[in-house]
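>>> Sequence first, then the predicted structure:
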Amino acid sequence: MVKRIMQLLQEQPVAVAPPVEQTEEVIPPSLDHTLDQFTDCADLVHRSFPKANLDVVYFAFLVGNDEFLRDIAMPFSDVTESEAALRLTQSQYMPVNNSKDCIKGILNGKAAIFFQDVAFLVDISHPIGRSIAQSETETVITGPHDGFVENLVHNLSVVRRRIKSSHVKTVTLEVGEVSKTIVVLVYMEDIVDMSFVQMLRDRIQQIEVDSVFETNQLVQLIDDNPNSLFPQFMTTERPDAICSKIVAGRVACFVEGSPSAFSCPTSFFEFFSSPDDYYQRWQLGTALRILRIIGFLITMIFTALYVSVTTFHYEMIPHTMLLNLTESRSKVPFPPLVEAIMMETTIELLREAGARLPSKIGQTIGIVGGIVIGQAAVQAGFTSNILIIAVALSAIASFVIPSYLMSASIRLIRFGIIFLAGILGNFGIIVGVGLVVIHLSGITNMGTSYLTPIAPISTYDWLDTFARGPFWSLRKRPSQARTNNEVKSRPRK
Amino acid sequence: MIARIALVLVLLLLTGCGDQRILEELGFARSVAYDTIPDQESDGRIQISATIPKANQQEKIFFTTIARTSKEARIKFSKENNRRIVSGQMRSVLFGIDLAKKGLWDHIDTLIRDPQVSANVHVILVEGSGGDLLKKEYKPYPQVGEYIDELIKTEARATAIPDSRLYDFSRDYYDDGADPVAPILKSTGAKIKVVGIGLFRDDRYVTRIPTDQFMFIAFLRGDFRSGDITMRIPETKQHHENVMLSSMVNKRTIHVTRNHPVRDGHDIQVDIEMEISGSLLEYTGQLKLQRSSDQIKLETIMNKYIKQETERVLKSMQKHRVDSIGLGQYVRNKLSYEEWKNLDWNKAFADVRISVHPHIKIKDYGKLQE
């Protein structure tokens, strides 16, 4: 199966951008030249089969034992030169006539066979890496528990197994002058708008960088607004999420060595939906979507509201809470702005420490943080108890957003809004939110608006954006994908 | 781009920040009272008192001073206090009846003008001195500001007293077809009591009605969705029966008929229809309520009683020329602009023929089923 996918990938070398420096002379592959290129590579193996007059060069750590036995050791030991020549006509031995291709093949885990004056490549690579496991950053309660892994072949096989259609097409590209990382675009022919495929391919080919190791790194090299705070491509480790994007007419993209894939074009609101929404009853899915939007608003403005209300707008506080709040605040030596920034920083420190530490020590952080922030800070007159609630609530609310990247961006923006609230009060909050909205409406992704379906307005899409409509109502694919093949489902008869 | 960001930051950060009101540096005036000062040489000055609740919710700080306006008083209070006195958490404003007789608009106007003061602040009259009422301790009850606030709120919700907020007061004041009303409080030893409803002509206090008669004004003033009434209906010469109607819902409609042309109040006839439904929770009379014919009989008796009582209240209002139910608004709608302008409504109101048509419906007669 894996082999078949690899073959399929190779069958579609698609007009990989006509290499511009093709003019340089083509060096025919030779054993000496190859060994020369790999001088001082201790893990390079050179084996000779003197009876067959045949030399094999490969990297010991890239090839598998079984594969080596099957394609090199068994066929060529104890054979004569003529027999070897016959065997080399089999299809897995591919002749190469360019030294560069030969070297690249060796680096990709193939073995180069030098026989007479001809070089052949045979794929005996053996992928290593962890097996398919649950994604730790995006967990769901119901739904498939497999996640993408670092191995590209595994990832593509997962997709092929999910969408069994000959219309699933792949494009293989290469990024990184040094790392030569393989990047694969996957899309549904007939559903996708080919201009997106073309645009994505162009952008990826135009990248000039020494190395790319991660999907989230790649997307920052190809986005429309490199200075924006917001993640502009939806990256996910969940195969079901990516497959649904592919079927919806979006282009998915995999990077070798990265467990996440991205899809595009992306809208801001995609970061607020989780595959879970579709596996539950639609009323629950809708409630969850609304909850996440509330969570987003709380994260953005709740602490800022505390600051502005305690600094400027005491009228807004219900009087039953007012006296408690005043009493609690009266022990705090700092103005509300300083108090809030300090507590927010503490929470961020805790979060970052928790993320960096191994999970066994991470629990300690939780306990220490819980006690320090929950009780001691208030008793010591370091902060008021209502602020603790505000900070804790906005921290919790930020984790409701399924995409970690988006939640991190919003948490950072929050600091700016708190600052504005401390200077200008509620007016400052409105200014801050206004600036964020202005910025969001300026962002584009693959030339489409980031705020789709709000701007440009597409009310039909709202059913699957702010709510999760019942399946009978979700008849069309999202407008952002600009597909010609709009119909997604038909009513049950 | 950087220049643009810098510009936005400069515009934001170099402005503002002057008008900070940090919570723990403030004292929140909960209730403010305005009273006349007895001396003849008052020279336009009045006594202004305020209470500020302390954090333990039981004690209060009480201030009183003599000043020309409330703003002047606030500045004086601030000078006596380690905190800045602000009025954004004010819940009730009290006026002594003596002051109310001279007119309240000057004081109410400054309150409405101040954006910190909510339009939901209750306007309350005080029999005696408002300052004294605020000064006292009312032991089992919460501290005075909250006590007054809760008392007024719960009573107003049950339609036992009018919900006279700054908003209602100023609306009725500006409307030439309606006059404001406000509840009257009195401090009686250890508690505060609602002793009546004050009726205004424009901004001047004119007369009052006892609290138990307010329900009749409430029927006339408009729709409401909750209210109780106890009726003492004479059955025979010496025997009375008590009827208590609870959870009343009232729907009122007003019909105005007029002669052509309208010269004075005699040319106007007002019919007020009231559809009242409620649960009968108390009945001491002879009728058997299980019988629907008896229910209808009782309804008729009640109709008669309410018609008689409301018309009596109306008569008294007409005598004092106060239109506390806002009939003028409906009359105005029937007149041309010229006619209305030439009519002195306050005067004409006394002569208008008003008749009331209550339609009571007993929704149920309680859990007791015989």
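It's in.

>>> taking the mean pLDDT, what do you get for the helix or strand in which residue B:49 is found?
Element membership of residue B:49, judged by DSSP states H and E, is strand B:46-53. Taken as a whole, strand B:46-53 carries a mean pLDDT of 89.

>>> Repeat that for stretch B:3-11.
pLDDT averaged over stretch B:3-11 gives 79.

>>> From chain B, how far out is residue A:241?
For residue A:241, the distance to chain B equals 34 Å [C-beta to the nearest C-beta, to the nearest Å]. (Each C-beta comes from the backbone N, C-alpha and C, glycine too.)

>>> Provide a list of residues in contact with that residue.
Contact analysis of residue A:241 by C-beta atoms under 8 Å, 6 or more residues apart in numbering or on different chains lists A:138, A:275.

>>> Tell me how far the strand holding residue B:49 lies from the chain's centre.
Here strand B:46-53 is found 21 Å from its chain centre; the criterion is C-alpha atoms, centre = their mean, to the nearest Å.

>>> If you count neighbours, what's buried in stretch A:375-392?
A:377-378, A:382-388, A:390-392 (16 or more other C-beta atoms under 10 Å in any protein chain shown).

>>> Quick one: end-to-end length of that stretch, please.
End-to-end distance of stretch A:375-392 (C-alpha to C-alpha, to the nearest Å): 13 Å.

>>> Could you pull out the strands in the stretch 251-400 of chain A for me?
A:251-255, A:261-264 (DSSP state E, counting those that start in this stretch).

>>> Contacts for the host helix or strand of residue B:330 next, please.
Assigned by DSSP H and E, residue B:330 belongs to helix B:327-334. Helix B:327-334 is touched from outside by B:175-178, B:254, B:256, B:258, B:268, B:270, B:340, B:345, B:349, B:352, B:354, with contacts defined as C-beta under 8 Å, 6+ apart.

>>> and which of these is nearest to chain A?
Closest to chain A out of the contacts of helix B:327-334 is residue B:175 (27.4 Å), distances taken as C-beta to the nearest C-beta.

>>> distance of that closest one from residue A:102?
Per C-beta to C-beta, to the nearest Å, residue B:175 is found 96 Å from residue A:102.

>>> Can you tell me which residue of the stretch 301-450 of chain A sits closest to chain B?
For the stretch 301-450 of chain A, C-beta to the nearest C-beta, closest residue to chain B: residue A:315, 3.6 Å.

>>> Could you check which of residue B:175 and residue A:102 is surrounded by more residues?
residue A:102 (25 against 15; other C-beta atoms under 10 Å in any protein chain shown).

>>> Name all residues that make contact with the nearest residue to that one once chain neighbours are set aside.
Computed as C-beta to C-beta, 6 or more residues apart in numbering or on different chains, the closest residue to residue A:102 that is not its neighbour in sequence is residue A:29, at 4.0 Å. Taking C-beta under 8 Å, 6+ apart as the criterion, residue A:29 is in contact with A:96-99, A:101-102, A:112, A:114, A:119.

>>> does residue A:29 sit in a helix or strand, and which one?
Judged by DSSP H and E, residue A:29 forms part of no helix or strand.

>>> From residue A:402, how far off is it?
50 Å.

>>> ok so, going back, can you redo the buried residues of stretch A:375-392 as TSV with distance to chain B and pLDDT?
TSV is the format used below for the buried residues of stretch A:375-392 (distance: C-beta to the nearest C-beta, whole Å; pLDDT from 0 to 100):
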residue	distance to chain B	pLDDT
A:377	17	83
A:378	15	83
A:382	15	86
A:383	13	88
A:384	9	89
A:385	13	88
A:386	10	89
A:387	11	91
A:388	16	90
A:390	14	91
A:391	17	91
A:392	20	89
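
>>> Show me which of those is closest to residue A:163.
residue A:392 (42.4 Å; C-beta to C-beta).

>>> The buried residues of stretch A:375-392 into CSV, with extra columns for distance to residue A:140?
CSV is the format used below for the buried residues of stretch A:375-392 (distance: C-beta to C-beta, whole Å):
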residue, distance to residue A:140
A:377, 35
A:378, 36
A:382, 39
A:383, 36
A:384, 38
A:385, 35
A:386, 34
A:387, 33
A:388, 31
A:390, 29
A:391, 28
A:392, 25
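
>>> Tell me which of the residues you listed fall in helices.
A:377-378, A:385-388, A:390-392 (DSSP state H).

>>> So residue B:159: helix, strand or coil?
Judged by DSSP: H, G, I helix; E, B strand; the rest coil, the three-state class of residue B:159 is coil.

>>> In the stretch 151-300 of chain B, mark out all the strands, start to finish.
Using DSSP E, counting those that start in this stretch, strands in the stretch 151-300 of chain B cover B:181-188, B:191-201, B:204-209, B:229-234, B:240-258, B:268-283.

>>> so how many other residues sit close to whichever residue of chain B sits closest to chain A?
Closest contact between chain B and chain A, by C-beta to the nearest C-beta, is at residue B:88 (3.6 Å). By the criterion of other C-beta under 10 Å, residue B:88 has 18 neighbours.

>>> Pretty sure residue A:314 is one of the things it touches, is it not?
Yes: counting by C-beta atoms under 8 Å, residue B:88 sits close enough to residue A:314 to count as a contact (5.7 Å).

>>> Quick check: neighbours shared by the two?
residue B:28.

>>> Would you map out the domains in the chain?
Chain wasn't specified; assuming chain A. Listed domain ranges for chain A are A:29-123, A:152-266, A:292-445 (source: automatic domain parsing).

>>> not quite, I wanted chain B
If you go by automatic domain parsing, chain B breaks into B:23-209, B:215-364.

>>> for the chain, longest helix please?
Went with chain A since none was named. Every helix in chain A considered (DSSP H), the longest is helix A:282-311.

>>> ah, no, chain B please
Per DSSP H, chain B has its longest helix at helix B:292-320.

>>> How far off centre is that one?
For helix B:292-320, the distance to the chain centre is 23 Å (C-alpha atoms, centre = their mean).

>>> in it, what's buried?
Applying 16+ other C-beta under 10 Å to helix B:292-320 flags B:295, B:298-299, B:301-303, B:305-307, B:309-311, B:313-314, B:317-318, B:320 as buried.

>>> what do you get for stretch A:39-57?
A:44, A:49, A:52, A:54-57.

>>> Which one of these is nearest to chain B?
With C-beta to the nearest C-beta as the yardstick, the closest approach to chain B among the buried residues of stretch A:39-57 comes from residue A:44, at 50.2 Å.

>>> Which residue is the nearest non-sequential neighbour of that closest one?
residue A:38 (4.7 Å).

>>> Wait, the one you found touches residue A:31, no?
No: look at residue A:38 against residue A:31 with C-beta under 8 Å: they stay out of range, at 11.1 Å.

>>> shared neighbours of these two, which are they?
In contact with both residue A:38 and residue A:31: residue A:57, using C-beta under 8 Å, 6+ apart.

>>> Tell me the residues on chain B that lie near chain A, please.
B:1, B:8, B:12-13, B:15-17, B:19-24, B:26, B:28, B:30, B:53-57, B:86, B:88-89, B:91, B:116, B:118, B:146 (C-beta under 8 Å from any C-beta of the partner chain).

>>> let's see it at 10 Å
Counting by C-beta under 10 Å from any C-beta of the partner chain, the positions of chain B adjacent to chain A are B:1, B:5, B:8, B:11-17, B:19-28, B:30, B:53-57, B:83, B:86-91, B:115-118, B:145-146, B:149.

>>> now chain B, which segments are flagged as low pLDDT?
B:12-18, B:39-41, B:236-237, B:368-370 (pLDDT under 70).

>>> Quick check: bridge partners of the nearest residue to residue A:110 once chain neighbours are set aside?
Using C-beta to C-beta, 6+ apart and skipping the chain neighbours, the partner closest in space to residue A:110 is residue A:121 (4.6 Å). For residue A:121, the beta-bridge partners under DSSP bridges are residue A:94, residue A:112.
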